[in-house]
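>>> Pasting the sequence and the predicted coordinates here, then a few questions.
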Amino acid sequence: MKNLVITGLGAVTPIGIGVENYWQGILDMKCGIEKISRFEDEDVPITIAGEVKGFDPKEYMTPKLAKEMGVFIQYAYAAAKEAIDQSGIKIESESDRIGIVMATALNGTAEIAETEYDYSVKGKKRVSPRFLPKILGNLGAAQIAISYGIHGPSFTVSTACSSGGDAICMAAMLLNSGEADVMLVVGGESAHCPIVMSTLAQAKALSKNPDPKTACRPFDADRDGFVMGEGGGAIILETEEHAKKRNASILCSLAGYGNNTDGYHVTAPRPDGSGAVACMKSALSKSGLKPEDIGYINTHGTSTPVGDPVEVMAIKTLFGWEDKDAPMPEELRANIPPVSSTKGNTGHLMGAGGITEVIACIKAIETGILPPTLNYKTPDPECDLDFIPEGPRKTQINAAMSNALGFGGQNSSIIVKKYEGD
């Protein structure tokens, strides 16, 4: 495997636009979950979500381009711009060796729902010629490539909640195979609309807590479901050789990555967590690290009654817990690092979350501060790890892991570590 490094970051989130604002929002324990403003429908049972606030697309693109993009593409585009600018990459001089992987779970679902309502209910029988370009998942990558003149490999990953992590996996594989020298990994999501909120509510997946600020409570005994979010994330990933050749400022190394599938159920994780365990082991194997080398884990941690304890079980198994009928021996527990979920801040950003949560890991390594888990108040015996509940924790770490686990049994695990170059 080649040494891969990260040289640019971008984020659009419900707690801040731009990486520094996003990170500061985490440190300030800010919650971006509020009553939905995107639509009004009294028949929708759940009306809270993490919405991006204060986003003006014209700050990142021309008015004409903004009209051609769905909101999820706008978020991806803005995050990509920040990452490209930070990286300092000169795209025009090597455009054939630069590629894109776009991540999105729900594509333009909100635009589809709105257009169908206008057509069928309001009687607006003329559909805009921009409709398809606004809803297709791959148009995020296409719009960025057109704007920046990128001509390398281009793929779009749609693997539910693990899309962002899987996009990083795919980009790393393309770099390791020699198909490109630089990859832009970008994710975008915005699907707050009546049909999505209704189906998730009927599936009993969403929190019914009427208080937006405490509805998402990962690993807490009183959790009752996840909260939808929206946003965008981006990283510039390149080979170390290429980054050093252009004298890039290297933020960290991509040490390892894993992807697999439970092959078990369309929505539920495998009860013993074995798929997630195998995925984390795959990432560790590529990184050359041992479980105890990981200083922090940003969990998938969505705040669901079923998913959270399965992920805890998987992490404990990774660190050597074998007899599930007996308490974990303290000598094994001592090796488990602090873990947290940042979804209490942002809600579940779906396809973009796997990228923004890796960014949180990178910032934790860079700053020596671990993100807390918001709203963790009541311990759950099945969720018995150190969830950093008291607030940001100052701890120097060298490596961090981010898990993203999606519907259909999709698992991804990303490991980043402090860059130790010349």
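Cool, the structure landed. Everything numeric here is computed off the predicted structure, so don't read it as measured data. Numbering: from 1, shown residues only.
>>> Need the three-state assignment for Thr46.
Careful, residue 46 is Ile; it's not Thr. coil (DSSP: H, G, I helix; E, B strand; the rest coil).
>>> and it, what does it touch?
Residues near Ile46 by Cβ atoms under 8 Å, 6 or more residues apart in numbering: Met197, Leu200, Ala201, Leu206, Ser207, Lys208. (Glycine included, C-beta is placed from N, CA and C.)
>>> Quick one: buried ones out of these?
Met197, Leu200, Ala201, Leu206, Ser207 (16 or more other Cβ atoms under 10 Å).
>>> In which helix or strand does the second one reside?
Right, Leu200. Following DSSP states H and E, one finds Leu200 within helix 194-202.
>>> so what does that helix touch, helix or strand wise?
For helix 194-202, the elements it packs on are helix 109-120, judged by 3 or more Cβ pairs under 8 Å, 6 or more residues apart in numbering; DSSP states H and E.
>>> hmm, 6 Å instead?
Helix 194-202 is packed against no helix or strand, with contacts defined by 3 or more Cβ pairs under 6 Å, 6 or more residues apart in numbering; DSSP states H and E.
>>> Let's see that helix as CSV, backbone CA atoms only.
Output in CSV follows, covering the C-alpha atoms of helix 194-202 (Å, rounded to 0.1, in the frame of the first residue of the first chain):
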residue,chain,number,x,y,z
PRO,A,194,-42.5,14.9,4.3
ILE,A,195,-42.1,11.5,2.6
VAL,A,196,-38.7,10.8,4.1
MET,A,197,-39.6,12.0,7.6
SER,A,198,-42.9,10.0,7.4
THR,A,199,-41.4,6.7,6.4
LEU,A,200,-38.7,6.9,9.0
ALA,A,201,-41.3,7.8,11.6
GLN,A,202,-43.5,4.9,10.6
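>>> Go through the buried ones among the contacts of Ile46 and name the one nearest Cys383.
Nearest to Cys383 among those is Ser207, at 16.2 Å by Cβ to Cβ.
>>> where's that closest one relative to Gly354, distance?
Using Cβ to Cβ, to the nearest Å, Ser207 is found at 21 Å from Gly354.
>>> before we move on, back to that, distance to Ser128 and pLDDT added to the contacts of Ile46, as TSV?
Putting the contacts of Ile46 into TSV (distance: Cβ to Cβ, whole Å; pLDDT from 0 to 100) gives the following:
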residue	distance to Ser128	pLDDT
Met197	24	95
Leu200	28	95
Ala201	30	93
Leu206	31	97
Ser207	35	97
Lys208	36	95
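>>> Without its sequence neighbours, what residue ends up closest to Gly165?
Leaving out its chain neighbours, the residue that sits closest to Gly165 by Cβ to Cβ, 6 or more residues apart in numbering is Ser412, at 3.1 Å.
>>> Confirm that that neighbour lies within a strand, as I assumed.
Yes - the assignment for Ser412 is a strand, going by three-state DSSP.
>>> That one contacts Asn259, correct?
Yes - Ser412 is in contact with Asn259 according to Cβ atoms under 6 Å; the separation is 5.1 Å.
>>> between these two, which one's more packed in?
The residue with more neighbours, out of Ser412 and Asn259 and counting by other Cβ atoms under 10 Å, is Ser412; that gives 32 against 23.
>>> what do Ser412 and Asn259 both touch?
Residues touching both Ser412 and Asn259 (Cβ atoms under 6 Å, 6 or more residues apart in numbering): Asp166, Cys169.
>>> burial of Leu27, as a residue count?
Counted with other Cβ under 10 Å, residues neighbouring Leu27 total 14.
>>> which residues touch the residue lying closest to Tyr148 once chain neighbours are set aside?
The shortest distance from Tyr148 to any non-neighbouring residue, by Cβ to Cβ, 6+ apart, is to Ile91 (5.1 Å). Residues counted as contacts of Ile91 (Cβ under 6 Å, 6+ apart) are Ile98, Tyr148, Gly149.
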